[in-house]
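Undergrad: Turn this into a model:
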Amino acid sequence: TGGPPVDHNTDFSLKRRGGPWRNPTNFLTPNHECEWKSSVMKGEGRGGGIRRCDADKNVVELSIYNELAGTIPSELGRLSFLRTLYLGRNNLVGTIPTELGMIKPIASISLQHNQLTGEIPQHDLYRIPTLRFLQLEGNPLTGKIDKDGPLCQMRVDKKKHAETDSEQKRVLRILSATCVTSVGDDESLGHDMLECDCCTKCFEKETEEDNASAQAFP
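TA: Sure, this is the predicted structure:
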């Protein structure tokens with residue numbers, strides 16, 4: 001995730017800032033990547049890895065919440081069978097990779113409570129016909145999700161107007177972010193927050209105390 005190079009000799013237990021991973025198992029070993037995971041002990045709350053693969057050993061669910069640092073690698077776009085991506089509650093920075101739009105079967109992208117910046121790659125995400133959940137709250141994103149833009153169009157239930165099954169499109173059911181509704185010409189709110197015309201929920205900008213609370217697990 002933007003850190004130093006790693007190979008099969010890397011001590012992956014040191015990748016979590018502030019302490020080791022929880023019971024790392026087979027990370028970066030010759031074992032098939034479907035066996036790369038970290039067991040989460042009761043009460044410790046962090047870990048993750050490859051949560052699920054299909055019968056052909058293609059990765060379909062990737063979930064890591066272990067204080068990861070760095071940027072989200074664009075190579076994730078090569079996981080062409082991925083259906084669930086959860087990288088929430090880490091310390092990731094940078095922008096949301098446009099390459100995520102290459103993952104055609106993905107249904108859920110959860111990147112909440114990181115430090116991601118910049119604008120959401122709306123046109124790239126619009127290319128995902130199966131996307132139903134997009135959770136981005138807790139990131140200082142900017143720009144505007146316009147009511148006539150790509151993501152808002154994904155929120156429209158087009159089944160009501162479809163004449164054939166091939167014309168039906170899944171609805172983006174959840175679209176959440178730290179945002180405000182469109183401010184129009186109101187300059188008092190500034191331009192340092194994301195504006196959203198169709199989010200299912202706009203969260204308030206977090207304070208440092210809120211951020212610390214979001215990173216804490218029971």
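Undergrad: low-scoring pLDDT stretches of this structure, where are they?
TA: Residue ranges of the chain with pLDDT under 70: 1-28, 38-47, 158-170, 183-191, 206-218.
Undergrad: Tell me which stretches of it form strands.
TA: Remark: strands assigned in the chain by DSSP state E are 24-25, 37-38, 47-53, 59-65, 69-71, 84-86, 91-94, 108-110, 115-116, 133-135, 144-145, 174-180, 194-196, 201-203.
Undergrad: Not counting sequence-adjacent ones, nearest residue to residue 156?
TA: Once flanking residues are discounted, residue 156 sits nearest to residue 171: 7.3 Å by Cβ to Cβ, 6 or more residues apart in numbering. Any C-beta I mention is one placed from the backbone N, CA and C, and that applies to glycine too.
Undergrad: What separation do you get for that neighbour and residue 129?
TA: Distance, residue 171 to residue 129, by Cβ to Cβ, to the nearest Å: 11 Å.
Undergrad: Looking at the two, which has the bigger crowd around it?
TA: The neighbour comparison of residue 171 against residue 129 (other Cβ atoms under 10 Å) goes to residue 171, with 14 against 11.
Undergrad: one step back: residue 100 is nearest to which of the strands of the chain?
TA: Nearest to residue 100 among the strands of the chain is strand 108-110; the distance by Cβ to Cβ comes to 6.5 Å.
Undergrad: So the residue nearest to residue 156 sits against residue 152, correct?
TA: No: applying Cβ atoms under 8 Å, one finds residue 171 not in contact with residue 152, separated by 11.5 Å.
Undergrad: Count the neighbours of residue 157 for me.
TA: Other residues near residue 157 come to 12 when the count uses other Cβ under 10 Å.
Undergrad: pretty sure it is touching residue 171, no?
TA: Yes: between residue 157 and residue 171 there is a contact at 5.2 Å, judged by Cβ under 8 Å.
Undergrad: partners of the closest residue to residue 64 other than its chain neighbours in the sheet?
TA: Leaving out its chain neighbours, the residue that sits closest to residue 64 by Cβ to Cβ, 6+ apart is residue 48, at 3.9 Å. Beta bridges link residue 48 to residue 38, residue 64, judged by DSSP bridges.
Undergrad: Ok, which of the strands of the chain comes nearest residue 125?
TA: For residue 125, the closest of the strands of the chain is strand 133-135, at 7.0 Å, according to Cβ to Cβ.
Undergrad: which outside residues touch the closest one?
TA: Contact partners of strand 133-135, identified using Cβ atoms under 8 Å, 6 or more residues apart in numbering, comprise 88, 107-112, 125, 151, 172-176.
Undergrad: and residue 62, how far is that from residue 137?
TA: Separation of residue 62 from residue 137 (Cβ to Cβ) stands at 20 Å.
Undergrad: before we move on, back to that, including mean neighbour count and distance to residue 31, could the strands of the chain go into JSON lines?
TA: What follows is these, written out as JSON lines (neighbours: other Cβ atoms under 10 Å; distance: least, Cβ to Cβ, whole Å):
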{"stretch": "strand 24-25", "mean neighbour count": "19", "distance to residue 31": "9"}
{"stretch": "strand 37-38", "mean neighbour count": "22", "distance to residue 31": "10"}
{"stretch": "strand 47-53", "mean neighbour count": "18", "distance to residue 31": "11"}
{"stretch": "strand 59-65", "mean neighbour count": "20", "distance to residue 31": "13"}
{"stretch": "strand 69-71", "mean neighbour count": "16", "distance to residue 31": "24"}
{"stretch": "strand 84-86", "mean neighbour count": "19", "distance to residue 31": "21"}
{"stretch": "strand 91-94", "mean neighbour count": "18", "distance to residue 31": "25"}
{"stretch": "strand 108-110", "mean neighbour count": "20", "distance to residue 31": "26"}
{"stretch": "strand 115-116", "mean neighbour count": "18", "distance to residue 31": "31"}
{"stretch": "strand 133-135", "mean neighbour count": "20", "distance to residue 31": "30"}
{"stretch": "strand 144-145", "mean neighbour count": "20", "distance to residue 31": "41"}
{"stretch": "strand 174-180", "mean neighbour count": "21", "distance to residue 31": "34"}
{"stretch": "strand 194-196", "mean neighbour count": "23", "distance to residue 31": "40"}
{"stretch": "strand 201-203", "mean neighbour count": "15", "distance to residue 31": "39"}
